[in-house]
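> Here is a sequence together with a model predicted from it:
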Amino acid sequence: MRAIVQKVKQASVKVSDELISEIGQGLLVFVAVTDSDTEKDIDYIKKKIEKLRIFEDDQGKMNLSVEDEGGELLIVSQFTLYGDARKGNRPSFINSSSAEKAEEYYEILIQKLKDDGFDVKTGKFQTHMEVSLINDGPVTIQLDSERLY
């Protein structure tokens, strides 16, 4: 499982020019699933999202998590995170999981974050979305559960 985490002052998602989700300070997280992922990968990414210390403390050091800050989460599915453009100019998405598995794992991740008490907003799975954000910092971190093994 792969995630791109962006610390934001605000972020939103529109589908067909309709606002479907919006957050203030928190994290915008793009998530992708690959065929080899298991629930262990979901749990790893979930914990990293919750505990990643990228918010400033009183001394201006990145030492606080979204959990510490009481920030919001906007989780957006993005299969293109597994795009591979090493050969040619058209990316291959062969490493992305099937839509069925990706949606299942995306929904499980969201539910686990909600179960832990987070205010979670979402994109709309398998839909063309317009994502807007004000990246704070900018701070953007890539998480990859495969690097565990």
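Sure thing, it's come through.
> secondary structure class for the residue nearest in space to the middle of the chain?
Within the chain, the residue whose C-alpha comes closest to the C-alpha centroid is Val29; the distance, by CA atoms, centre = their mean, is 2.2 Å. What DSSP: H, G, I helix; E, B strand; the rest coil gives for Val29 is strand.
> mind listing what it touches?
Val29 makes contact with 3-6, 49, 73-76, according to CB atoms under 8 Å, 6 or more residues apart in numbering. Backbone N, C-alpha and C define where each C-beta goes, glycine included.
> Against Met129, how distant is Ile20?
Distance of Ile20 to Met129, computed by CB to CB, to the nearest Å: 8 Å.
> Settle it for me: which of the two has more neighbours?
Taking neighbours as other CB atoms under 10 Å, Ile20 and Met129 compare with Met129 leading, 18 against 15.
> re the thing from before, shared neighbours of Ile20 and Met129, which are they?
13-14, 123.
> so how far is the helix ranked longest in the chain from its chain's centroid?
Taking residue count as the measure and DSSP state H as the definition, the longest helix of the chain comes out as helix 99-115. Centroid displacement of helix 99-115 relative to its chain, using CA atoms, centre = their mean, to the nearest Å, is 11 Å.
> The helix or strand following it packs against which elements?
The first helix or strand that comes after helix 99-115 along the chain, using DSSP states H and E, is strand 120-122. With contacts defined as 3 or more CB pairs under 8 Å, 6 or more residues apart in numbering; DSSP states H and E, the packing partners of strand 120-122 are strand 18-23, strand 72-77, helix 99-115.
> What are the contacting residues of strand 120-122?
Defining contact as CB under 8 Å, 6+ apart, one finds that strand 120-122 is touched by 13, 21-23, 72-76, 110, 113-114.
> what about stretch 89-104, start to end distance?
This stretch, stretch 89-104, spans 30 Å end to end (CA to CA, to the nearest Å).
> Can you give the distance of that stretch from its chain's centre?
Computed by CA atoms, centre = their mean, the separation of stretch 89-104 from the middle of its chain amounts to 16 Å.
> swap in stretch 13-22?
Centroid separation between stretch 13-22 and its chain, computed with CA atoms, centre = their mean, is 17 Å.
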